[in-house]
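Student: sequence and predicted model, in that order:
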Amino acid sequence: MSEQQNEAQSETRYRVVLNDEEQYSLWWSERELPAGWTAEGTEGTREECLARITEVWTDLRPASLRRRMSAASAA
């Protein structure tokens, strides 16, 4: 990656977004959120947002799968 690309990327602001399945992603902070996604509350550099996702998204299974597995083990 060129120095100009690195500078542009470091100046870009992102936000952490979350969908109904409790899956996380990055989104540009100046753009409208895509359908089905909500802002989690964290905004910053790409690295800051990725660090937040790493911190909070410890179980990568979709929420619906976690609920089904939990119900099956309780039965």
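Tutor: Here it is on my side, so go on.

Student: which stretch of helix or strand covers the residue nearest to Ser25 when sequence neighbours are not counted?
Tutor: By the measure of Cβ to Cβ, 6 or more residues apart in numbering, the closest residue to Ser25 outside its immediate chain neighbours is Val17, 5.3 Å from it. Backbone N, C-alpha and C define where each C-beta goes, glycine included. Applying DSSP states H and E as the criterion places Val17 in strand 14-19.

Student: next one: Arg61
Tutor: Under the criterion DSSP H and E, no helix or strand holds Arg61.

Student: mind checking pLDDT for the residue lying closest to it once chain neighbours are set aside?
Tutor: Leaving aside its chain neighbours, Arg61 sits nearest to Met69 (7.7 Å; criterion: Cβ to Cβ, 6+ apart). Note on Met69: pLDDT of 90.

Student: just give me how far the helix or strand harbouring Met69 sits from the chain centre.
Tutor: Here Met69 is covered by helix 63-74, with elements defined by DSSP H and E. Centroid displacement of helix 63-74 relative to its chain, using Cα atoms, centre = their mean, to the nearest Å, is 22 Å.

Student: that helix - contacts with which helices or strands?
Tutor: Applying 3 or more Cβ pairs under 8 Å, 6 or more residues apart in numbering; DSSP states H and E, we find helix 63-74 packed against no helix or strand.

Student: which residues of the chain score low on pLDDT?
Tutor: 1-10 (pLDDT under 70).

Student: in three-state terms, label Glu21 for me.
Tutor: With DSSP: H, G, I helix; E, B strand; the rest coil as the basis, Glu21 sits in coil.
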